[in-house]
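Trainee: heads up, no residue letters with this:
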């Protein structure tokens, strides 16, 4: 058993870890391990300038981990620490992946990849920005716009996407904007320019300058002089409200969670789990259990696709896969106390690798805190007036990423009723395109959010990967539906009845939600039955219905976003099959993600349970409002995982009741009064079995 | 202009109001007005024993109110205060409604109703409980169960519902339960008995004793001896968790909201609105505006239907309309400081009338408080590392009702981004039915949640009534959908495009949601256009899709739940058309609610706007889990009303940034470090229009 620090939790930084620490097989690579892995790889290629794209933990094979997890602490088998590396030979298109064994100091695996492109990195983006602005052709085009003197021009490199046409080379589509010279933090998205250079990554040269359509059709007009106008989100540019009084979250006895293993293992309210972090998924949860019972082996956001509605060149290629094309880990914000969260907060930091294979610590990239979440349950006995009320508490693990213009706030949220949720708040700044400043009426594929600024419609479609272990390994997926009984059925003479059906997912595949049938997907352990009602123990998935990808099946948008056409995919587990749109999404052309994997048609053992992986899709179709500019109020989505006949009663029942003594609320005026509620009649059974003593119910007094 | 108290707000209780207070036309009746109205009615019927069902404000006709609202403060026309009264002549089936003018002291209107039954009241329920338990036939049936000596038997009267068969008389269906004699707050729903007496309200006699089926079919077995077993929700019966540390919400400078007009008018963060309260709807909001611009004339929960899945007699009639059959106002809990909410809280109290026409103050039936709601928006400039982040604040008006076994937590939630939400949390105790204790496998219309206890599936379908005034009167409803562009369209050569369509609701009717089309209903003011993008100003409705009522169209469940078959109904405004399932839901047979009204087929003026009323349905199909027993963790639903092109930019933009100075968060360990993020390149336009000076972006420093 791991030992826990006493409160307040002492969180050692992972990057200060002493060498003698025994790393858990799921511990992210340490800084030293990143250095060692990169060095081993460099040794293998002494002549090459290696451009590292990732140096990350190669997670152990699941069968190996199952053995390891089963063994006693102290006598566990040794699992070699390994690194998974993706790299280019710098300034060439040659992409490789490699597995480095850090124990044996050997290269276990190396392969050259053809037809794939790896993700961006910060260094690459900076270089593209410079190359684009230094290009003489670009300068000439900008000159034609006759921008006011002192205007600063910026280039936001966008991943190129794919339309299947002449894009075998890795390229970047740069969108240009301006800002006034005296404000580096001005919102340049309010003044998009009508030219878009394309940069080749290998040659680091501008290969083409796309001219952007400025009307509501696809015509390309002659350049006109352009006078940028401002639309700032900075607080200094606003007349701020002065009447919002502070709210402070005070935790006088500290937090209820406990860290061990340098913050990577967390215990809170019967929950226990490990936190990992990598360049691509950001936060990953491992070995999530509740009250000693397994729930999830691994859970993480797998990818997201953001296809845009505008069909015109070059926007027809505009589709981001922010995790696959860039990475939630490398884009994670350094979270600030009293800014990104309220209350008593712990921060976790994890290293990733930079383009030179050097460790780069993502400081405070995950914050951990508790929050009150309103009433968990209440009942008042109307006869006695006695109320029972407990408040819900949540434990939040939050990470925020910035993807150029946009922000995503990701959170795993555990609660006191055995529920685990994944929340995304979408915020940040809309990706904007230029439109003639004289046009007032928006085209039907976008919204004018500022004069000269079009925010194109776009979908955000996320894929949450759940590798379940509900009450242990060997699970199945079913969906339940509610259906009307036949009003001609003699069992249903008044036509009011309805019933539930269950359909087992017995083959790999994708499924739609069906709110009209109350379709609920459940992950069950068929071998474990609820002791009271004999139903298989399980967890259900509650995800908001969403519009599936609108791009035509024949389009590359559709082919590339392999998960975006179904609410739920279920696949058979394979080691390292983590990413719903495939390992390499940048300029991908499809065929390497979850839709493709389902073509295997693997059958599941629904009697004994099987090694299923569940991919839950959710999202929004963002038809921009002007209210989403210049920075967008959050749009919140939550996927809930809730127990269904997993426990034998409400698991929150042992929450202490909510009392003023603990909560210390304050009355704004003397309006609260004690008013006894309740009343009823009861009768008592006597020795003769007859009821008698019919009398008003006595109150035991109010609980709170 | 009304004057506001300074903070901390001094909230005078409505029932302490001085006579000289000039009541707003929307002010609920005062205690004195209730007394006066009842006295006037009694004077009209000197010989009769009047059984009052409601004495409530007769709201003014809308056309009159529109005039009143338009007039200057101080020179407003006088609107007579009136009471609307529903009453029986006690112990007769004779039901009347009446309008009493409190200014002229006259009865303006009185009518005898045929074929309608009024709601329950507390006195009636107590009497039914007693009658049921005193009945000799009931005693004889209970004796057959050979209950252990000392067992206490309780009767929960349930509204009778209707199957169209011999139910012209108002009756109650009583469900019987037991509890141990030493604990008045024991959870009796864990031991339902297999008999169910029916009581006639006029004669106050048991007219029939239904025997309940105990199997999974509809057979009625011989009575068997019954030994109750316990399943308690009381904290004293649990081994409580001891490791949940307190969270206190501290508001050192008090609250940000201001009351006027005795707490009935509230201003907060540019929002301004009136709160009303009545016996049936509970909370009602009037004249909701934002920053001086009208939004909603009146908004309230209109009704709810809870049809049950079990087709067997007498459960085939089990369908509650908790607002129409009982009333959210009269069932409202007396909320307790530090228990039902955290932070700095204000409470409002309102009077309703009892069965004798006497005022009965629902003390602390509405609580008002603010809460932090996480991040409202964030953006980090990746070039400079400069972050801008503001936190969302919410103002919550909460009311909790207890309907025998069940609780609903209702809340209107305003936020700092111009959004108004209506939240329902369902909690309390499942309505239970007996099942043979030896049966382990649940039937497909219910879940066994305890040995001998069946919780039948049921739907909760709510109807939120929105009487809009988006930027003034004269509104229209449209729905927007997103559709794929034809991949054969030359404008869409790569098949990636999509576009939005708008359909105006030009005739009264009901509509389904269509998440597969991203169908969004919007309420717009066609005469007011957004100054930037020329779109009509509007608010959109975001409600979670739900399964419509499953009962057959031929069934009385379906006929009675007039709103439960559509996501949105739109009707033309008529005075006092408030209740989606009709004014009298108790044993109703349909034909008096929103579905019926739509048969008028009134046309809307979609050019000029019209007087539309929008009924938004939402809900859940509750397939009980064992985790929902003995008390249910909240199931939360929210309907959001969000501005769409109503403002000219993000209305939350002027929120002060989130800073540690204000928030005073606490670090649990020394892990937070200052890590400068950011980097990028920019180029400046010179006098020749050419860009030059390509250089790294300078940071202005982090915001927080």
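Mentor: The structure has been received and is ready for your questions. Predicted, not measured: the structure shown is a model, and the values here were computed from it.
Trainee: contacts, neighbours, all on C-alpha from now
Mentor: Fine.
Trainee: Give me the longest strand you can find in chain A.
Mentor: Across chain A, the longest stretch assigned as strand under DSSP state E is strand A:359-380.
Trainee: tell me how far it is from the chain's mean position?
Mentor: 15 Å (C-alpha atoms, centre = their mean, to the nearest Å).
Trainee: can you count the residues close to the residue in the stretch 51-200 of chain A positioned nearest to chain B?
Mentor: Closest to chain B within the stretch 51-200 of chain A is residue A:152: 4.2 Å, counting by C-alpha to the nearest C-alpha. By other C-alpha atoms under 10 Å in any protein chain shown, the residues close to residue A:152 number 25.
Trainee: and if you look at residue A:202?
Mentor: 14.
Trainee: for residue A:232, same thing?
Mentor: Around residue A:232 there are 19 residues (other C-alpha under 10 Å).
Trainee: likewise the one 10 residues further on?
Mentor: Applying the criterion other C-alpha under 10 Å, we find 11 residues in the vicinity of residue A:242.
Trainee: check which helix or strand covers the residue positioned nearest the centre of chain A.
Mentor: Centroid-nearest residue in chain A: residue A:301, 4.3 Å away (criterion: C-alpha atoms, centre = their mean). Per DSSP states H and E, residue A:301 falls inside strand A:293-307.
Trainee: can you check residue A:153 too?
Mentor: strand A:152-159.
Trainee: where does that strand sit relative to the chain's centre, distance-wise?
Mentor: From the chain centre to the centre of strand A:152-159 is a distance of 26 Å (C-alpha atoms, centre = their mean).
Trainee: quick one: strands adjacent to that strand?
Mentor: strand A:171-179 (antiparallel), strand B:681-685 (antiparallel) (DSSP bridges).
Trainee: next SSE after the longest one?
Mentor: What that stands for is strand A:171-179. Downstream of strand A:171-179, the next assigned helix or strand under DSSP H and E is strand A:195-200.
Trainee: ok, now the last one?
Mentor: Heading C-terminal from strand B:681-685, the first helix or strand you meet, by DSSP H and E, is strand B:691-696.
Trainee: Each with direction, which strands does that next one pair with?
Mentor: Here strand B:691-696 is paired, per DSSP bridges, with strand B:681-685 (antiparallel).
Trainee: In chain A, mark out all the helices, start to finish.
Mentor: All helices of chain A, identified by DSSP state H, fall at A:31-44, A:62-70, A:122-134, A:136-144, A:556-560, A:594-597, A:660-663.
Trainee: looking at those helices, which is closest to residue A:497?
Mentor: Closest to residue A:497 of the helices of chain A, according to C-alpha to C-alpha: helix A:594-597, at 37.9 Å.
Trainee: just checking, what packs against that closest one?
Mentor: In terms of contacts (3 or more C-alpha pairs under 8 Å, 6 or more residues apart in numbering or on different chains; DSSP states H and E), helix A:594-597 is packed against strand A:568-572.
Trainee: rerun that using 10 Å as the cut-off
Mentor: Here helix A:594-597 touches strand A:509-511, helix A:556-560, strand A:568-572, going by 3 or more C-alpha pairs under 10 Å, 6 or more residues apart in numbering or on different chains; DSSP states H and E.
Trainee: would you turn the ones you listed into TSV with mean pLDDT and mean neighbour count?
Mentor: TSV is the format used below for the helices and strands packed on helix A:594-597 (pLDDT from 0 to 100; neighbours: other C-alpha atoms under 10 Å in any protein chain shown):
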stretch	mean pLDDT	mean neighbour count
strand A:509-511	98	19
helix A:556-560	98	26
strand A:568-572	98	25
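Trainee: Quick one: closest of these to chain B.
Mentor: Ranking the helices and strands packed on helix A:594-597 by proximity to chain B (C-alpha to the nearest C-alpha) places helix A:556-560 first, at 6.4 Å.
Trainee: is chain B contacted by the closest one?
Mentor: Yes. Helix A:556-560 reaches chain B (C-alpha under 10 Å from any C-alpha of the partner chain) through A:556-558.
Trainee: Give the other helices and strands that that helix contacts.
Mentor: So helix A:556-560, by 3+ C-alpha pairs under 10 Å, 6+ apart, packs with strand A:293-307, strand A:319-320, helix A:594-597.
Trainee: Need the winner for burial among the ones you listed.
Mentor: For those, the largest average neighbour count (mean count of other C-alpha atoms under 10 Å in any protein chain shown) is found in strand A:319-320, namely a mean of 26.
Trainee: Centre of the chain to that one, how far?
Mentor: Its chain's C-alpha centre and that of strand A:319-320 lie 16 Å apart, by C-alpha atoms, centre = their mean.
Trainee: likewise stretch A:607-615?
Mentor: Using C-alpha atoms, centre = their mean, the offset of stretch A:607-615 from its chain centre is 22 Å.
Trainee: quick one: that stretch near chain B?
Mentor: No. With C-alpha under 10 Å from any C-alpha as the criterion, chain B is not reached by stretch A:607-615; the gap is at least 17.7 Å.
Trainee: if we can go back for a sec, residue B:184 is nearest to which of the helices of chain A?
Mentor: With C-alpha to C-alpha as the criterion, residue B:184 lies closest to helix A:660-663 of the helices of chain A, at 23.9 Å.
Trainee: helices or strands up against the closest one?
Mentor: strand B:248-250.
Trainee: for the strand it packs on, packing partners?
Mentor: Partner elements for strand B:248-250 (3+ C-alpha pairs under 10 Å, 6+ apart): strand A:248-250, helix A:660-663, strand B:359-380.
Trainee: ranking these by burial, who's on top?
Mentor: Here the criterion is mean neighbour count by mean count of other C-alpha under 10 Å, and of the helices and strands packed on strand B:248-250 the winner is strand B:359-380, at a mean of 23.
Trainee: partners of that one in the sheet?
Mentor: strand B:344-353 (antiparallel), strand B:387-403 (antiparallel).
Trainee: tell me the mean pLDDT for it?
Mentor: Averaged over strand B:359-380, pLDDT sits at 97.
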